[in-house]
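In: need coordinates for the below:
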Amino acid sequence: MVADIPPGEYNVQFTYIGYEKTVFTAQKFSAGEKKKLDIALKSTVLTFDEAVVIVGEKPLVDVEDAKTGSTLTAKEIELQPVRQIQSVINMQTGVVQSSDGVHIRGGRSYETGFYIDDVSARDPLSGTGFGIDIGTNSISKIDVTTGGAGVEFGNATAGIVNTQTKSGDDKFEFNAGYKRDNFGFNKNAGSTWNQQVMEMGMGGPLAFKKKLTFYTTLKTNFSDTFIPNSPNGEGNAAEQVVSSLYPNTQWSPYQDNRWAGMLKLDYKFDPKRRLSFTYLKSITINQDYNMLRVTGNDVSFNPGYQFLFALQPDNANTYTHDTNLETIKWSQTISNTFSYQITGSRLYVKLRADANGAPWRPDVVNTEFDPESIVTYPATVFNPDDSIVFVNPGPGLYNNGGIATLWHDHYVLEYTIRASANVYSKDTRNKLFFGTELKPQEYQWIDITRPWIGAPIQLADGSYSQSYRLGDISDVWKVNPLSGALFISDKLKYLGLIAEAGLRLEYWFPGKFLDDAVADSTTTIAPAFRDAYYADSYGLGERRFKMRLLPKFSASFPIKENQVLFFNYGHSTVMPHPSYVYTGMDPYFADRRYTRIYWQSGFKS
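Out: The predicted structure is shown next:
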């Protein structure tokens, strides 16, 4: 019984250790009125602010949060007309989706942090994209932060998209869905992209008196995109998209092929302790060159269609993105004022670009492969009397049997170890949050243009030439950087004011490969860059590292219902693309790219 409440509209909140916080919204009280609220709290090992159940109409603005952003629940996602996570968050305020990715508050796509279960899921080498093409049927909620990102998130200056995966319950459930836009009678309509989306998910208890639960999903998304119905016949589709990583064409029956799956296991020891394991995998196969973009300030983006190969799309580049993320998380609530989480994860990403499934180069060069070097007739000869005849180039589109000139392969192996804790005051108005994160990484990058250059050529006497050249232009490196952070924040609630102040200390070790290259006087590094590297970094044993302290502050104050004044101030960093750092650093493997970029010191703020 709560007495002497002034008349008005209130949100009534109930919390208890080991259970979800439940909020009854828009509860109106008149003078002298008595109201009964039936409360049923569900057990959880999450802290008060992480598991919230809203009973009633969801408020337009969360007055309990100092950050600006939005949250999408599984039910809201299910009602969306789109089924890709990028398209789902595109409908949120401050978010815009374009051909190169998702932009938050006008930032570039690579400045947005993409997290799954609080772990970064972005491929740092592909330049764009989420990394994992997680199915919407695997999601319990999505938090989109457009201002005032927490101290626990790094390598992002625009905003944060943090996705939480679904967990199984103590009751068995099953769901399935199928969607397509081609019903036969409309196959030639401009709005028909031959899209087929299939989703299936199920979960429930496994053993140990329902303490062990599971949830698993599978999603496929196939589409021929806009290509078959492009205006004026400007685009043609490949007869068959082929990947050398997945040569069985059942994996790539359409122009854009996306597979995604998840398995999650939860063991609830008691309401205060939980152990979770999640495995996510996605495979994307298509001919969209935006799959591999080394982004920068001056990079212009296009739809991703390889127009030069419009007359022979089966010879264009095919891109295969294979992503795997395993996460194990331990959560425990010690008391009603202290809880902590320990997370370990492994992210493995592989991306391959090839000439529609062709090997990286032939065993023997017995024909011409470069589409720019193959002459198709009839052609106009403008020097017929010379010993070497030249012809005018064609219309600019390849129709001569030549193949794509790029062969690319890279992988990322990233481990994350993270620990964080919450300490609440007895009245829960003050919350101290602190933790640490460590990320050892391994990158391998192989980029070869015209890879057939250097392959054996049969000579007139029947012998074969010998060459050690790795294509016309090549860039190869393998590195082991390490990054991490220490972070702390304090959140205070007082008379409607929510204020949160924090610090994040980030550090980055570029690795032995770069340290040795800078120390080697034979490398082709400009002296100014070598001096800047030592001046702007610190030494720890034989390794060099950089670090930066990032202050963050957020505040909110409710003015009236669904009107809140927000203030956000903070420093954030985003790492440069690794190719900007490591290209051309090996003195025994000189980079021959015309786009060579020297070492750029420091984080990009």
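In: who does Thr449 bridge with?
Out: Here Thr449 sits in beta bridges with Leu406, Ile473, as judged by DSSP bridges.
In: list the contacts of the host helix or strand of Val476.
Out: Using DSSP states H and E, Val476 sits within strand 473-479. The contact list for strand 473-479, computed with CB atoms under 8 Å, 6 or more residues apart in numbering, reads 442-450, 470, 510-511, 513-514, 578-579, 582-586, 589, 591-594. Backbone N, C-alpha and C define where each C-beta goes, glycine included.
In: show me the shaky parts of the stretch 451-600 of the chain.
Out: 560-562, 587-600 (pLDDT under 70).
In: do you have the strands of it handy? List them.
Out: 473-479, 482-494, 497-509, 538-540, 543-560, 563-570 (DSSP state E, counting those that start in this stretch).
In: of those strands, which is nearest Val423?
Out: Proximity to Val423 (CB to CB) singles out strand 482-494 among those, at 9.6 Å.
In: just the buried residues of the closest one, please?
Out: 482-489, 491-493 (16 or more other CB atoms under 10 Å).
In: what does stretch 424-443 give?
Out: Quick answer for stretch 424-443 (16+ other CB under 10 Å): 424, 428, 431-435, 437, 439-441, 443.
In: as JSON lines, those with pLDDT and distance to Phe567 would be great.
Out: As requested, these are exported to JSON lines (pLDDT from 0 to 100; distance: CB to CB, whole Å):
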{"residue": "Tyr424", "pLDDT": "91", "distance to Phe567": "24"}
{"residue": "Thr428", "pLDDT": "78", "distance to Phe567": "23"}
{"residue": "Lys431", "pLDDT": "92", "distance to Phe567": "19"}
{"residue": "Leu432", "pLDDT": "95", "distance to Phe567": "21"}
{"residue": "Phe433", "pLDDT": "96", "distance to Phe567": "19"}
{"residue": "Phe434", "pLDDT": "97", "distance to Phe567": "23"}
{"residue": "Gly435", "pLDDT": "97", "distance to Phe567": "25"}
{"residue": "Glu437", "pLDDT": "97", "distance to Phe567": "27"}
{"residue": "Lys439", "pLDDT": "97", "distance to Phe567": "31"}
{"residue": "Pro440", "pLDDT": "97", "distance to Phe567": "37"}
{"residue": "Gln441", "pLDDT": "97", "distance to Phe567": "35"}
{"residue": "Tyr443", "pLDDT": "96", "distance to Phe567": "38"}
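In: show me where the stretch 1-150 of the chain has its strands.
Out: With DSSP E, counting those that start in this stretch as the criterion, the stretch 1-150 of the chain has strands spanning 8-14, 21-29, 52-55, 68-73, 95-98, 101-104, 112-116, 119-120, 139-147.
In: what does the shortest one rub up against?
Out: Counting contacts by CB under 8 Å, 6+ apart, the residues outside strand 119-120 that touch it are 113-114, 155, 325, 327, 343, 345, 347, 414, 416, 418.
In: for Asp270, state which of these is nearest.
Out: Distances from Asp270 to the contacts of strand 119-120, taken by CB to CB, are shortest for Thr343, at 20.1 Å.
In: mean confidence (pLDDT) on stretch 123-133, please.
Out: In this model, stretch 123-133 carries a mean pLDDT of 76.
In: now the end-to-end length of that stretch.
Out: 11 Å (CA to CA, to the nearest Å).
In: can you list the domains in this structure?
Out: Following automatic domain parsing, one finds the domains of the chain at 8-55, 68-582.
In: and the last one, how far from the chain's centre?
Out: Relative to the chain's own centre, domain 68-582 is displaced by 4 Å; criterion: CA atoms, centre = their mean, to the nearest Å.
In: would you mind checking which helix or strand in this protein has the lowest mean pLDDT?
Out: The helix or strand of the chain with the poorest confidence is strand 52-55; it has a mean of 56 (mean pLDDT, DSSP states H and E).
In: can you pull out the strands in the stretch 251-400 of the chain?
Out: Counting by DSSP E, counting those that start in this stretch, the strands of the stretch 251-400 of the chain are 256-270, 273-286, 318-335, 338-354.
In: which neighbours does the longest one have in its sheet, and in what orientation?
Out: Right, the one you point to is strand 318-335. strand 273-286 (antiparallel), strand 338-354 (antiparallel).
In: so where's the stretch 251-400 of the chain shaky on pLDDT?
Out: 294-302, 392-395.
In: switch to 90 and redo it
Out: 270-272, 289-305, 307-308, 310-311, 335-337, 362-368, 372-400 (pLDDT under 90).
In: circling back to that earlier point, format the strands of the stretch 251-400 of the chain as JSON lines; extra columns: mean neighbour count.
Out: What follows is those, written out as JSON lines (neighbours: other CB atoms under 10 Å):
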{"stretch": "strand 256-270", "mean neighbour count": "19"}
{"stretch": "strand 273-286", "mean neighbour count": "21"}
{"stretch": "strand 318-335", "mean neighbour count": "20"}
{"stretch": "strand 338-354", "mean neighbour count": "20"}
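In: any chance of the ones you listed in CSV, with distance to Pro371 too?
Out: Shown next, in CSV, are the strands of the stretch 251-400 of the chain (distance: least, CB to CB, whole Å):
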stretch, distance to Pro371
strand 256-270, 24
strand 273-286, 20
strand 318-335, 16
strand 338-354, 15
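In: nearest to Tyr533, out of those?
Out: strand 338-354 (27.7 Å).
In: mind saving the C-alpha coords of the closest one as CSV?
Out: In CSV, the C-alpha atoms belonging to strand 338-354 read as follows (Å, rounded to 0.1, in the frame of the first residue of the first chain):
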residue,chain,number,x,y,z
PHE,A,338,26.5,-6.4,-6.9
SER,A,339,26.5,-8.4,-10.1
TYR,A,340,29.1,-9.3,-12.7
GLN,A,341,29.5,-10.9,-16.1
ILE,A,342,32.5,-12.7,-17.8
THR,A,343,32.4,-13.2,-21.5
GLY,A,344,34.7,-15.1,-23.9
SER,A,345,34.2,-15.1,-27.7
ARG,A,346,35.9,-16.3,-30.9
LEU,A,347,35.1,-14.5,-34.2
TYR,A,348,36.4,-16.1,-37.4
VAL,A,349,35.7,-14.4,-40.7
LYS,A,350,36.8,-15.4,-44.2
LEU,A,351,36.1,-13.5,-47.4
ARG,A,352,37.1,-14.7,-50.9
ALA,A,353,36.7,-12.9,-54.2
ASP,A,354,37.4,-14.9,-57.3
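In: about what we covered before: would you mark the buried spots in the strand holding Val476?
Out: Neighbour counts over strand 473-479 (16+ other CB under 10 Å) mark 473-475, 477, 479 as buried.
In: how about those, which pair is most distant?
Out: Ile473 and Val479 (20.1 Å).
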